[in-house]
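> quick one: sequence plus predicted model below, questions after.
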Amino acid sequence: MTDNNTTTAPSLDDATAAPAGSAPTAKIASALQRYRVLAWVTGLWLLLLTVEMIAKYGFGVDTPSWIAVVHGWVYFAYLLVTADLAVKVRWPIGRTVGTLIAGTIPLLSFFVEHRNAKDVKQQYSL
């Protein structure tokens with residue numbers, strides 16, 4: 001009679017496995033990297049847009065109109081990569097929406113990105 005209840009030692013893959021229901025850590029790491037880059041790019045373009053608006057409406061300076069267009073497209077890409085990360089790490093809807101809105105308030109995307117990156121790295125041992 002053979003014993004089918006033998007246990008095996010945990011493998012290295014088990015130690016680095018993601019929590020149940022989330023994406024593998026390699027996919028989370030790449031999604032996190034994309035999110036971090038877009039959070040910074042969005043934040044920088046938003047600061048440039050803010051300066052442009054102040055110059056245009058506060059001081060009457062003729063400014064290029066393409067700055068707002070570029071920020072809009074960068075923000076759209078930020079929305080996509082943030083949603084991708086949120087799905088992979090299973091953020092609650094409130095945190096996801098708060099992170100999405102962070103790209104519309106000057107300087108906030110930098111702080112939210114730092115907090116989110118720290119939490120995801122800690123949670124998934126990245």
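Perfect, I can see it now.
> where does this protein have low pLDDT?
1-21 (pLDDT under 70).
> for the spatially most central residue of it, give me its contacts.
The chain has Tyr35 as the residue nearest its centroid, 3.3 Å off, counting by CA atoms, centre = their mean. By CB atoms under 8 Å, 6 or more residues apart in numbering, the residues touching Tyr35 are 81-82, 84-85, 113, 116-117. (C-beta placed from N, C-alpha, C; glycine too.)
> ok, now how distant is it from Ser125?
Going from Tyr35 to Ser125 by CB to CB, to the nearest Å gives 18 Å.
> what's the answer for Val61, then?
Taking CB to CB, one finds Val61 at 49 Å from Ser125.
> in the protein, which helix is the longest?
helix 25-53 (DSSP state H).
> okay, and the closest residue to Val41 other than its chain neighbours sits in which element?
When the adjacent residues along the chain are set aside, Val41 lies closest to Val74, with 5.5 Å between them (CB to CB, 6 or more residues apart in numbering). For Val74, the element it lies in under DSSP states H and E is helix 66-89.
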